[in-house]
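[1] Sequence unavailable; structure follows:
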């Protein structure tokens, strides 16, 4: 098997996760790491026997076959364009961009190069969600009717982060928008978003919400509803339910252990795994493996740049809906 | 203990449930039964040693202290008014009326008599929901933030029933509107309703929906979301989740048994109890007991006619919202 | 339907349970109650409109068609014999007797009268255990191999009771011995019992055990294991698992509610229902209904006096095994 | 951190598991592999950049600091003695030997060298069992009283394997004997074993059992009961329950997924993970890490050769008990 030589752009928390997955895969090798924080890049590169270099140097290096973009969101579109222009295969973290127009332009430019671009919607690779999707696709619950996604973070991010995040719909719920598009097999037509900053008024003062319920309507009558909260003190709450004409498929949380304790006070069992690094560790490995396989075989990547643009189109419409307190049409979808 | 003498108006399916609860209670006695179908009234009366009479005769009989109204919805307001005017205590099935204006007028007229009127929102008396409410009131999950109600019927009613039902929001989801008002401790300000007739197009042709997601917004930032479907083939799905600043309270379904079977094909466990007669049988008894107790002691009934009007106000607003595809203010609430 | 006229012998805790079941059944009427404590008999009789009388008077009364024996164990055999001799149908609480020889003699005498005698092994009528039994009988897990019964009481009885109880195997585990015989469809050949008085040394000083594990061996290689403890502080723990060649059937506990609470401290759910009055209330009703039906139709009662003798035979062997610390053969079984 | 240089003796299924754990650990390196099947040794060595050599050559090589013994059981004692004599640290798969006398002699010889010897009771390193043990040690359920272990394999091994395995008690249940000694904190005094070959008569013809229930008695009144079956068609069933004076700790199975499906036929959820490679993969990594740490720091290994001898002493007594159908004292325990 050929060894895919990979450059990693971004050595932050998620960059570290990807570095591990790249190194652990028998078909890929981490050759270079960049970061705006040179020390972070150096440390991560050293850990995996790679070189610390600049974004430009990595992209210019013809021996680097693929880049994984894990930099801050505002650089994603530029880096996707530069890397594909330089002939690299690209796996880019979500979201593609905070601007739908910029993301669409990026899609056009990157698409013209013919290079594969995959977006890092990691949840699709969680084995539980993948099993639900597979069962639904096999028709095990008949015709799909109503999808419900619960997605609560354990604790809100700092307000400084909220201010540059693009807002809950683009930053957090975009995962769930992609999940809905993926599970339902198409992009919805209309979105109705209700938000509130009940967890932390500072988040409201920064113009964002921390608790939201969004309803997605499909032209054929199917409905999806997504609940987000920035705070579930008991852990990372990630569940899906899908009602069909012949039944209900559900994915429950992954718990910290299978231990329970019954005492006079009640029966106590374990909490959900704390956060995405715990819950989705296997998903990150599976995501990377699917990218390496698609690049190696020249087949289509399983999550495309179009998927990234569409999720962003839903997020942008949701942001508008929450502001206008009305149902709005979702514009800019690539079909 | 004094024996409360009770007249039952309506000998249909729900009338039968109430007749049993009235008779089983050591503080009440069923003395008379009426129905538009004289045979049904006669049969039910005979079963419990009561007399079959007309609505008017029961209401005119001074020895009857209380009436339970289980007739068709369009007669509720008139019967509440007549019975209270005749000095009876009243327990009336939900909804008060299909018209909010008529319900408000009924409240005015009945209120003037000073007689107790209780509305039959039976779910408040389910021991599981009551335990969730009590835990929330004790502050066990801190400040309330996001309420989610799942309420699916096992199978849709006949289209003939749908046509006279007042629509899903007034007929079915009104239970959940009352649950939301009760659990959250107040009536929401705004409602956003999304509906679809994906289960049965005939229901759509009759001007109604069979699948709906409604979001309720409170002035203080709290949110409630309700999901209804007319069809869950696996049984009556009745669940509640309540997220607060310090945790999540959840009520799961009551299952048909605690038996499970593990084979090479998977692990099979029991379904939720089939429908409301099974799931809420204990709730009907507890509801009746609380009515008898309030009437006997002269204390306030636990579910008031105001509660019935408020749930209807939310249902009416939801109906408007679904039609206009916009968030609407809830009007006509009694505070 | 003919009304079965019933005399209740014994007005203690379990007598009260039966009085309620007899009265609630549409085919039976409680006409007389006796007790060594005349006040208790009087109070219970008054509650259900029956007469307080002596055992002898009830048995001598030709209008009484059936008696339910809920007196102390040492009177069971005599009362079964007297009542059947007087032509009554009998439902007698477990155990038949503390002496296997006496129980066998009772079987002989009562059997000669041809009157139906049913033993009150109430657990057979628990809907969960009944569903497990039915699934096993339908062959859903293939050939049966290994049965496991967990049966823990919430708290130990007073030592004064332990002293006259006949010991844990005859008093408490006899329920599980009957369950094993019933589920497996036959009486085992050998028994190995290990006991300990680790919960309360006073129980040990009284010559009994409070914690025990008993293994039952069948000639065909099947095995059953029963665990008993007199103390499970979290409630009445009543579970069964049955392993077969094609799978595992399991009955879990019935919980106090379906409420759960997730907080930073863990996820807390409800405890098992506290004790037998809660867990087996439906079973007592079903037990009585099956007796009334068998007597009314003249068909065989579902739990025979032979079943009672066999369970006692296993208990007696278990008592011997625990003392001798060896596997012993089960003697005196009626096949 | 110093790199521990490791020789692996045995390149079979379990050798492959260990090779992976050795290589993945940042503090150890696999330098040599041996096997009676030279091709298997060569293939595994090549996969991890190690050399294929003979047992003797590896043991004679002074640069090899530790050996992991994963050969057939009949070679364990000799290899432990040779390796410790040559100054190696040793991690040896269970059981130490099929003969208790030989294991005791091995303990004496290896003990004289002062070299660390750890026995591979992998289940102690399962995070769920470890959490139960930690909670019990913290006193969360008070005084321990009754331990129950369920341990069922998905399918029986070939009869050819059974014949050389030493029998179910030494080969399979030895894991559970060690679990009991570990969780209870001491070795029991007496054992009572009941076995049967109901799964496969061929296993019985080979002089072994495939289904067994063993009860362990402690001098202080505590009891442990272990259930083994060679066949649970629904997967590898590995559960523990521990009853104490203040509650019950339980470890449930690890399931293949968190997906459930509710249909008209029931609610189906995932099966337990299939077998030990799936269920205990994390345990093997943790086991190896604890060995590397103990060797590196010169601290005591967490599972000693004494532990291995004691588990074998229980297995030998169980074998005698099953044959004699009586409770027997456990002899040869090292305290």
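    Happy to help now that I have it. None of these values were measured; they are calculated from a predicted model.
[2] For the closest residue to residue A:266 other than its chain neighbours, what is the enclosing helix or strand?
    Residue nearest to residue A:266 in three dimensions, not counting chain neighbours: residue C:268, with 4.5 Å by CB to CB, 6 or more residues apart in numbering or on different chains. Placement of C-beta: from N, CA and C, glycine included. Per DSSP states H and E: residue C:268 is located in strand C:266-269.
[3] List the contacts of the residue nearest to residue A:266.
    Residues near residue C:268 by CB atoms under 8 Å, 6 or more residues apart in numbering or on different chains: A:265, A:266, A:267, A:268, C:260, C:261, C:262.
[4] Flag every residue of the stretch 51-200 of chain A that's near chain D.
    Counting by CB under 8 Å from any CB of the partner chain, the stretch 51-200 of chain A comes close to chain D at A:127, A:128, A:131, A:132, A:135, A:140, A:141.
[5] Make JSON lines out of those residues and add pLDDT and distance to chain B.
    Below are these laid out as JSON lines (pLDDT from 0 to 100; distance: CB to the nearest CB, whole Å):
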{"residue": "A:127", "pLDDT": "97", "distance to chain B": "16"}
{"residue": "A:128", "pLDDT": "98", "distance to chain B": "15"}
{"residue": "A:131", "pLDDT": "98", "distance to chain B": "12"}
{"residue": "A:132", "pLDDT": "98", "distance to chain B": "14"}
{"residue": "A:135", "pLDDT": "98", "distance to chain B": "11"}
{"residue": "A:140", "pLDDT": "98", "distance to chain B": "12"}
{"residue": "A:141", "pLDDT": "98", "distance to chain B": "9"}
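[6] will you turn the residues you listed into JSON lines that also has secondary structure, distance to residue B:9 and neighbour count?
    Shown next, in JSON lines, are those (DSSP: H, G, I helix; E, B strand; the rest coil; distance: CB to CB, whole Å; neighbours: other CB atoms under 10 Å in any protein chain shown):
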{"residue": "A:127", "secondary structure": "helix", "distance to residue B:9": "57", "neighbour count": "16"}
{"residue": "A:128", "secondary structure": "helix", "distance to residue B:9": "52", "neighbour count": "25"}
{"residue": "A:131", "secondary structure": "helix", "distance to residue B:9": "52", "neighbour count": "18"}
{"residue": "A:132", "secondary structure": "helix", "distance to residue B:9": "48", "neighbour count": "25"}
{"residue": "A:135", "secondary structure": "helix", "distance to residue B:9": "48", "neighbour count": "18"}
{"residue": "A:140", "secondary structure": "coil", "distance to residue B:9": "46", "neighbour count": "16"}
{"residue": "A:141", "secondary structure": "coil", "distance to residue B:9": "42", "neighbour count": "23"}
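[7] Out of these, which is nearest to chain C?
    Comparing these against chain C with CB to the nearest CB places residue A:128 closest, at 18.0 Å.
[8] from what I can see that closest one touches residue D:260, true?
    No. Counting by CB atoms under 8 Å, residue A:128 does not reach residue D:260; the two are 10.2 Å apart.
[9] who touches both of these two?
    Common neighbours of residue A:128 and residue D:260 (CB under 8 Å, 6+ apart) are residue A:252.
[10] Is there a neighbour count for residue A:293? I'd like the number.
    14 (other CB atoms under 10 Å in any protein chain shown).
[11] so what does the helix or strand containing it touch, helix or strand wise?
    For residue A:293, the host element (DSSP H and E) is helix A:281-297. Helix A:281-297 is packed against strand A:4-9, helix A:13-24, strand A:89-93, strand A:117-120, helix A:127-137, with contacts defined by 3 or more CB pairs under 8 Å, 6 or more residues apart in numbering or on different chains; DSSP states H and E.
[12] at 10 Å instead, please
    If you count contacts as 3 or more CB pairs under 10 Å, 6 or more residues apart in numbering or on different chains; DSSP states H and E, helix A:281-297 packs onto strand A:4-9, helix A:13-24, strand A:28-34, strand A:66-69, strand A:89-93, strand A:117-120, helix A:127-137, helix A:276-279.
[13] Quick check: which of those is nearest to residue C:66?
    Of all the helices and strands packed on helix A:281-297, helix A:127-137 sits nearest to residue C:66, with 54.2 Å by CB to CB.
[14] Report the mean confidence score over whichever helix or strand comes after the closest one.
    Using DSSP H and E, the next helix or strand after helix A:127-137 towards the C-terminus is strand A:144-152. Across strand A:144-152, the average pLDDT comes to 98.
[15] after strand A:144-152 comes which helix or strand?
    helix A:159-164.
[16] Give me the distance from that next one to the chain's centre.
    Helix A:159-164 sits 19 Å away from the centroid of its parent chain (CA atoms, centre = their mean, to the nearest Å).
[17] Could you do stretch A:299-307 as well?
    13 Å.
[18] what is the mean pLDDT for it?
    For stretch A:299-307, mean pLDDT is 98.
[19] Return the set of buried residues in it.
    A:301, A:302, A:303, A:304, A:305, A:306, A:307 (16 or more other CB atoms under 10 Å in any protein chain shown).
[20] Quick check: of the residues you listed, which lies closest to residue D:8?
    residue A:302 (37.3 Å).
[21] The closest residue to the closest one other than its chain neighbours and residue A:80, how far apart?
    Excluding the flanking residues, the one nearest residue A:302 by CB to CB, 6+ apart is residue A:290, at 5.2 Å. Using CB to CB, to the nearest Å, we find residue A:290 at a distance of 18 Å from residue A:80.
[22] The helix holding residue A:293 to strand A:28-34, inter-axis angle?
    Interaxial angle of helix A:281-297 relative to strand A:28-34 (axes from the mean of the first three to the mean of the last three CA atoms, to 10 degrees): 100 degrees.
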